[in-house]
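J.: Here you go, sequence then predicted model.
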Amino acid sequence: MRIKLSLISENNTLQLPLHYNHILQGFIYSHLAPTLANWLHEDGFKYKNRNFKAFTFSRLIGKFEIKEKTISFNGPITLKIASPHTKILESLAENLIKSPYIHLANQSCYLKAIEIEAPIKQINTAIIKALSPIVIYSTLLDPQGKKKTYFYTPWEKEFSKLIIDNLQRKWMAFFSTDIAPPLNGAYIKPEKVNNKNLSILNFKGTIIKGWTGIYKLHLPEPYFTFAYSAGIGSKNSQGCGLFEVVKEMK
């Protein structure tokens with residue numbers, strides 16, 4: 001399930017730090033019912049030693065200018081939020097409707113509309129566009145025994161494999177099962193991706209490297225529909241891994 005928020009700043013300009021994902025995440029948590037927000041933040045859906053928050057969101061979509069360490073949005077702004085757990089989006093929408101104004105980084109924005117996006121058709125293969133960076137990584141040990149985070153690029157074979165493995169773990173967490181449908185033949189591969197699509201995020205002091213661009217994604221159902229709501233790759237609740245379908249493939 002997905003919702004689309006249409007916003008406009010009170011002064012027609014919204015100025016944010018260049019790395020603003022934590023602001024959007026905080027905005028989402030603050031507009032959920034308190035008990036739901038607390039459970040989601042502290043626990044979420046668990047699989048073994050991992051927690052799955054079950055939501056993701058896009059970058060802000062609109063006209064913008066970047067100057068030094070700030071980004072200024074001018075005019076209407078769109079934010080897309082997705083989750084396979086409908087209660088998250090229902091709670092968010094219910095609380096947003098109560099007040100036509102919201103605040104982002106202490107700036108007032110008018111909420112023009114909340115739209116529920118139509119569900120996608122059941123498909124297996126599609127050309128997709130990343131609406132927020134796709135992230136996948138491994139934690140490795142350097143020669144001195146210190147932990148190091150290695151972020152994979154779309155051209156490395158591990159990129160596809162680890163994204164598919166990650167999706168299956170999220171499925172098992174969400175549905176509370178140790179048995180998941182097979183993902184035989186599943187893959188994601190870059191179609192129109194270059195070094196300009198590298199996106200480096202600073203999320204509360206943690207550096208995250210991900211990739212935007214155009215990809216070919218093959219997932220047997222019901223995984224494609226699940227990924228469309230849950231996001232692909234890691235760091236979904238930090239605003240990574242949301243995509244839109246550009247073209248359905250046979």
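T.: Everything's here; your move. Quick caveat, the model's predicted, so the values are computed rather than measured.
J.: which residue ranges form the helices in this protein?
T.: 21-30, 34-42, 86-97, 157-174, 223-230 (DSSP state H).
J.: Kindly format the C-alpha coordinates of the last one as CSV.
T.: Listed next in CSV are the C-alpha coordinates belonging to helix 223-230 (Å, rounded to 0.1, in the frame of the first residue of the first chain):
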residue,chain,number,x,y,z
TYR,A,223,7.2,-11.0,-3.9
PHE,A,224,6.9,-8.2,-6.5
THR,A,225,3.8,-6.8,-4.8
PHE,A,226,5.4,-7.1,-1.4
ALA,A,227,8.6,-5.4,-2.5
TYR,A,228,6.6,-2.6,-4.1
SER,A,229,5.2,-1.7,-0.6
ALA,A,230,8.2,-2.8,1.6
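J.: Packing partners of that helix?
T.: With contacts defined as 3 or more C-beta pairs under 8 Å, 6 or more residues apart in numbering; DSSP states H and E, helix 223-230 has these neighbours: strand 70-82, helix 157-174. Any C-beta I mention is one placed from the backbone N, CA and C, and that applies to glycine too.
J.: how close does Ala230 sit to Ser9?
T.: 30 Å (C-beta to C-beta, to the nearest Å).
J.: ok, the residue lying farthest from the centre of the chain - contacts?
T.: Distance from the C-alpha centroid of the chain, by C-alpha atoms, centre = their mean, peaks at Gln144 (33.9 Å). Going by C-beta atoms under 8 Å, 6 or more residues apart in numbering, Gln144 touches no other residue.
J.: which secondary structure elements does the strand ranked longest in the chain contact?
T.: Using DSSP state E, we find that the single longest strand of the chain is strand 2-17. Strand 2-17 sits against strand 70-82, helix 86-97, strand 101-104, strand 107-116, with contacts defined as 3+ C-beta pairs under 8 Å, 6+ apart.
J.: For these, give me CSV that also has mean pLDDT.
T.: Below are the helices and strands packed on strand 2-17 laid out as CSV (pLDDT from 0 to 100):
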stretch, mean pLDDT
strand 70-82, 96
helix 86-97, 95
strand 101-104, 90
strand 107-116, 93
